[in-house]
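*Asks:* Build the 3D model from these lines:
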Amino acid sequence: MSMTLTPAAPRWRRFRRDHRHLTGFKAGFGAATIAILLVMGLFSPWLAPHSPHHQDLMVAMLPPDWTGPHVLGTDHVGRDILSRIIYGSRVSLIIAGAVAVFASLTGVLLGVISGYFGGRIDAAIQKLVEIFWSFPPLMLAIAIVAFIGQGLGIVIIALTAQRWIPYCRVTRAETMALREREFILSARTLGASDSFIIRHHILPNVMLSIIVMTSFAMANAIIAESSLSFLGLGVPPAIPTWGGMLSDARSYISTAWWMALFPGLAIFVTVLGMNLLGDALRNQFDPKLKSH
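*Replies:* The predicted structure follows:
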C-alpha cells in the first residue's frame with residue numbers, strides 16, 4: 001500500500017524553509033533567554049531561595065555549594081548570590097523594556113516627521129540628532145545621573161537620552177524612500193491627509209526594522225545599566241542589580257571569584273541571547289539577506 005503525504009507535511013516544510021531563521025538556533029536561544037528573564041523577573045519572590053537583602057556575616061563569602069542552602073555562594077556580607085541574581089533580573093528587564101519603548105517611540109516619531117515633511121523640519125530635527133550624537137552614550141548617561149540624581153526613572157531617562165537616534169535615522173531614511181512610491185502618491189492624489197498616510201502607509205512599512213532594532217537596543221540598555229551600576233551611578237544600592245554585584249565583587253576578585261563570575265555570566269548570556277535573536281530577525285526580514 002503506498003503512503004501519501006498529508007497536505008500538512010509540505011506546508012510545514014515550506015514554512016520552515018521560508019522562516020528558517022526564525023526556527024533556527026539563534027532565534028530559539030534568544031527567545032528562550034528572554035522567556036527565562038521574564039519568568040525570573042515576574043516570579044522572583046517565589047523563585048529566590050532567600051531574601052536578596054538578608055545579611056549574615058556568619059556565612060559571608062561561602063563558595064558555591066550545589067547541595068547546600070547557597071547554591072552559588074554568598075557575598076562579602078552573607079547575602080545569597082543566586083537570590084540577588086534572580087531579583088536583579090527585574091531591574092534588567094524593566095530598564096531594557098522601558099528604554100527600548102521610549103527610545104523607539106521618540107526616534108520613530110521624529111524620524112517619520114523628518115523624512116516625510118523634509119525641508120526646515122528635517123533640518124531642525126537632524127541638527128538635534130547631531131547635537132545628541134556628539135556625546136558618547138555612556139558619558140551622557142553619567143552626566144545626567146550625576147546632575148539629577150540616582151533612581152530607576154532617572155537611569156531610564158539617561159539611557160534613553162541618546163538611544164532614540166538610531167531609530168530616528170533608520171526611519172527617516174526609509175520614510176524618504178517610501179514617500180515617493182506610487183502607492184503614497186496615489187493616496188495623496190485621492191485626498192488622503194498626511195496623518196492618514198503616515199499611520200496607514202509609512203508606519204506599517206517601517207515596523208519590521210523597528211522590531212529588529214529593538215532587540216539590539218534592549219541588549220545595549222542592559223550593558224549600559226550594568227556599567228552605570230558598576231560605577232555606582234545606577235539605581236540606589238538597596239536594589240539588587242547585576243552591575244552592582246560586580247561592583248561589590250571588585251575587592252574580592254582574587255579571594256571570592258564566584259561573586260563576580262555568576263552576575264557576569266548573567267549579563268553575558270542575556271546580552272548574547274538578545275543579540276542572537278536580533279540577528280535572526282534581521283536575517284529573516286532584511287530583503288538583502290533573505291536570499292542567503
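
*Asks:* need the longest helix for this protein.
*Replies:* Counting by DSSP state H, the longest helix found in the chain is helix 81-117.

*Asks:* Buried residues of that helix, list them for me.
*Replies:* 81-100, 102-104, 106-116 (16 or more other C-beta atoms under 10 Å). Backbone N, C-alpha and C define where each C-beta goes, glycine included.

*Asks:* Show me what the helix or strand in which Leu261 is found is packed against.
*Replies:* Assigned by DSSP states H and E, Leu261 belongs to helix 258-285. Secondary-structure packing of helix 258-285 (3 or more C-beta pairs under 8 Å, 6 or more residues apart in numbering; DSSP states H and E): helix 25-42, helix 81-117, helix 203-230, helix 242-249.

*Asks:* Residues contacting stretch 91-104, please?
*Replies:* Residues from elsewhere that reach stretch 91-104 (C-beta atoms under 8 Å, 6 or more residues apart in numbering): 37-38, 41, 152, 155-156, 159-160, 163-164, 167, 210, 213-214, 217-219, 221-222, 225-226, 235, 239-242, 270, 274.

*Asks:* make it 7 Å
*Replies:* 37-38, 41, 152, 155-156, 159-160, 163-164, 167, 210, 214, 217-218, 221-222, 225, 235, 239, 241-242, 270 (C-beta atoms under 7 Å, 6 or more residues apart in numbering).

*Asks:* Now the buried members of those.
*Replies:* By 16+ other C-beta under 10 Å, those give 37, 41, 152, 155-156, 159-160, 163-164, 167, 210, 214, 217-218, 221-222, 225, 235, 239, 241-242, 270 as buried.

*Asks:* quick one: the closest residue to Ser227 other than its chain neighbours and Ala221, what's the gap?
*Replies:* Nearest non-adjacent residue to Ser227, counting by C-beta to C-beta, 6 or more residues apart in numbering: Leu138, 6.0 Å away. Counting by C-beta to C-beta, to the nearest Å, the gap from Leu138 to Ala221 is 12 Å.

*Asks:* repeat for Ala249
*Replies:* Taken as C-beta to C-beta, the span from Ala249 to Ala221 is 22 Å.

*Asks:* before we move on, the earlier item: I'd like the helices and strands packed on helix 258-285 laid out as a markdown table, including mean pLDDT and distance to His50.
*Replies:* Converted to a markdown table, those look like this (pLDDT from 0 to 100; distance: least, C-beta to C-beta, whole Å):
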| stretch | mean pLDDT | distance to His50 |
| --- | --- | --- |
| helix 25-42 | 88 | 15 |
| helix 81-117 | 91 | 5 |
| helix 203-230 | 87 | 21 |
| helix 242-249 | 90 | 15 |
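
*Asks:* Just send the ones you listed back as a markdown table, with distance to Asn283 too.
*Replies:* Compiled in a markdown table, the helices and strands packed on helix 258-285 are given as follows (distance: least, C-beta to C-beta, whole Å):
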| stretch | distance to Asn283 |
| --- | --- |
| helix 25-42 | 8 |
| helix 81-117 | 20 |
| helix 203-230 | 9 |
| helix 242-249 | 29 |
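
*Asks:* Please identify which of those is closest to Ala146.
*Replies:* Ala146 lies closest to helix 203-230 among the helices and strands packed on helix 258-285, at 10.3 Å (C-beta to C-beta).

*Asks:* helices and strands around that closest one, which ones?
*Replies:* If you count contacts as 3 or more C-beta pairs under 7 Å, 6 or more residues apart in numbering; DSSP states H and E, helix 203-230 packs onto helix 81-117, helix 137-148, helix 152-163, helix 165-178, helix 242-249, helix 258-285.

*Asks:* Thank you kindly, that will do.
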